[in-house]
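A.B. asks: My questions concern the predicted model and sequence given below.
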Amino acid sequence: MALDWMAWTWQTAAFFGCIGITLVGMTVWGIVAPQVPRMGILRFETTPGDRLFVSLLGSAFIHLGWLGLIGDPLWAASIVSVAYAAAVFRWV
Amino acid sequence: MEKTFNNKAWFMVLPVVLLVAFSAVVPLMTVVNYSVQDTFGNNQFFWAGLQWFEEVLTSERLHDALIRQFIFSAVILALEIPLGIAVSLCIPKRGVWSSFCLVLMALPLLIPWNVVGTIWQIFGRVDIGLLGATMAALGIDYNYTQNAAHAWITIVVMDVWHWTSLVALLCFAGLQSIPDAYYQAAKIDGAGRWKIFRYIELPKMNRVLLIAVLLRFMDSFMIYTEPFVVTGGGPGNSTTLLSIDLVKIALGQFDLGPAAAFSIIYFLIILLLSWVFYTVMTNYGKGEGR
C-alpha cells in the first residue's frame, strides 16, 4: 500500500516511533511489575499510564509555549520537558 | 475469591483498536506530517520544520479566534447546565406527561446542524423572519448581519435552544435513579426544597453532569455548522470561531501546512481541557472523610 498521501518524513516517523516504543515499554513494565494507583501532590490517584499522559501533554505545551514566546531552537524546551516528566513520575 | 485473569480477552478489543487506528490515529499522523511541510498540490511536499507552528502561535488572528471560542464555550456552559438542571427538575417523574415532555425535549436534538442554522438564519431576518419582524415591531433595531452583539446573541440562543434538552434529559435520567426512600428520609428530617436539591439530587446527578459538561464543552468548542450557516463568521470576524477560521485556512486558502499546525494546537487544547474537566469531576468529593 502506497503511503505517499500520508507525506511521511523521517523526523515525524522517528517522533511516532518514540511514542510507540514508550507505550510498548509502559505496557511491558505494567505486566512485569503490576502497579497500583497512588495519591500524589495533586491529591488524586494516578496510574503510571496517567502520569505518562500528563507528561506527554505537558511536554507538548512546554514546546508550544517555548516556540511562541522564545522561538527556535527547541532543545532547551526538550530538557525542561524531560525534567517535567521526571517530576510528574516522581511526585504526581 | 481470587480473580481469574485471561489476557486472551484483549483480542476482543482488537476490532475497536483497528477501527480507531483507521478513523483517528492514521489521520492524526497525517496531520502531524502535513504540519511540518509545505505543499503546492500534486502530492509534493517540502520540509518547513516548525515554521507553521511559529506562524500560527504568533498570529493575532488565532489569538482572537481562541478568545472568542473560550467566551462562547463559557457562555454556553454557564447557560445550558443550570437551565438543563432546572428543566429536568420540572419534568413530571412518571405518567403520560413525563413521556410527552421527554419526546418534546428530544425534538431539537433530532434536527441536523445545518437545518438548525438555516431555521435560525431565516427566523432572525427582519424581512421574513418571525424573530426579526417581532423585534422590528417592538422598535428594537435588531440585525444580526450588521451588529456583532446581535450576531453573538443569536448564535448563543440558537445553541441553547438546540442543546439544553440534552443536558435536561441526562439530568432527568440521573434524577430517575434516586430511590424514593431518599426523599422520604429528607421529608422526615424536615429538609426544604433547596436542601433536597443540594444534598440529594445534585450529588446523585454528579456522574451525568460530568458527561453533560464534557459533551457540551467539547461540542461547543468544536462548533462549526450552525454559526457558519447563520453568520458565516461575521459581521467582520466577530463570530469567527476556531473551527470556522481553520476551515477558511485549510479549504479557503488551501494552506495545508498552517492549517495542520492550527489543528494540532486546537486538538491539544481540547485534550487538555477535557482531561482537566474529567479529572476534577471524577475526583470531586473522593478525598472527603480521609
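C.D. replies: Nice, thanks for sending it over.
A.B. asks: Check whether stretch A:65-72 comes near chain B.
C.D. replies: Yes: against chain B, stretch A:65-72 shows contacts by C-beta under 8 Å from any C-beta of the partner chain at A:67-68, A:71-72. Using the backbone N, CA and C atoms, a C-beta is placed for each residue, glycine as well.
A.B. asks: of those residues, the lowest pLDDT goes to which?
C.D. replies: Ranked by pLDDT, the residues of stretch A:65-72 next to chain B bottom out at A:D72, which has 80.
A.B. asks: near chain A, which residues of chain B?
C.D. replies: B:26, B:29-30, B:32-34, B:36-37, B:39, B:43, B:45, B:47, B:49-50, B:53-54, B:57-58, B:265, B:268, B:271-272, B:275, B:279, B:283, B:286-287.
A.B. asks: Looking at the residues of stretch A:65-72 next to chain B, which one is closest to chain B?
C.D. replies: Chain B lies nearest to A:G68 out of those, by C-beta to the nearest C-beta, at 3.6 Å.
A.B. asks: List the residues that contact the closest one.
C.D. replies: For A:G68, the contacting residues are B:54, B:57-58, by C-beta atoms under 8 Å, 6 or more residues apart in numbering or on different chains.
A.B. asks: any idea whether B:Y142 is helix, strand or coil?
C.D. replies: What DSSP: H, G, I helix; E, B strand; the rest coil gives for B:Y142 is coil.
A.B. asks: Run a quick neighbour tally on the nearest residue to it once chain neighbours are set aside.
C.D. replies: In space, and not counting its chain neighbours, B:Y142 is closest to B:M135: 3.7 Å by C-beta to C-beta, 6 or more residues apart in numbering or on different chains. Using other C-beta atoms under 10 Å in any protein chain shown, B:M135 is surrounded by 17 other residues.
A.B. asks: buried set for the strand or helix carrying B:M135?
C.D. replies: Assigning secondary structure by DSSP states H and E places B:M135 in helix B:130-137. Within helix B:130-137, the residues scored as buried using 16 or more other C-beta atoms under 10 Å in any protein chain shown are B:131-133, B:135.
A.B. asks: circling back to that earlier point, please indicate which of the residues of stretch A:65-72 next to chain B has the highest neighbour count?
C.D. replies: Counting by other C-beta under 10 Å, top hit in the residues of stretch A:65-72 next to chain B: A:L67 with 19 neighbours.
A.B. asks: and it, what does it touch?
C.D. replies: Contacts of A:L67 by C-beta under 8 Å, 6+ apart are A:74, A:77, B:50, B:53-54, B:57.
A.B. asks: With that, I have no additional questions.
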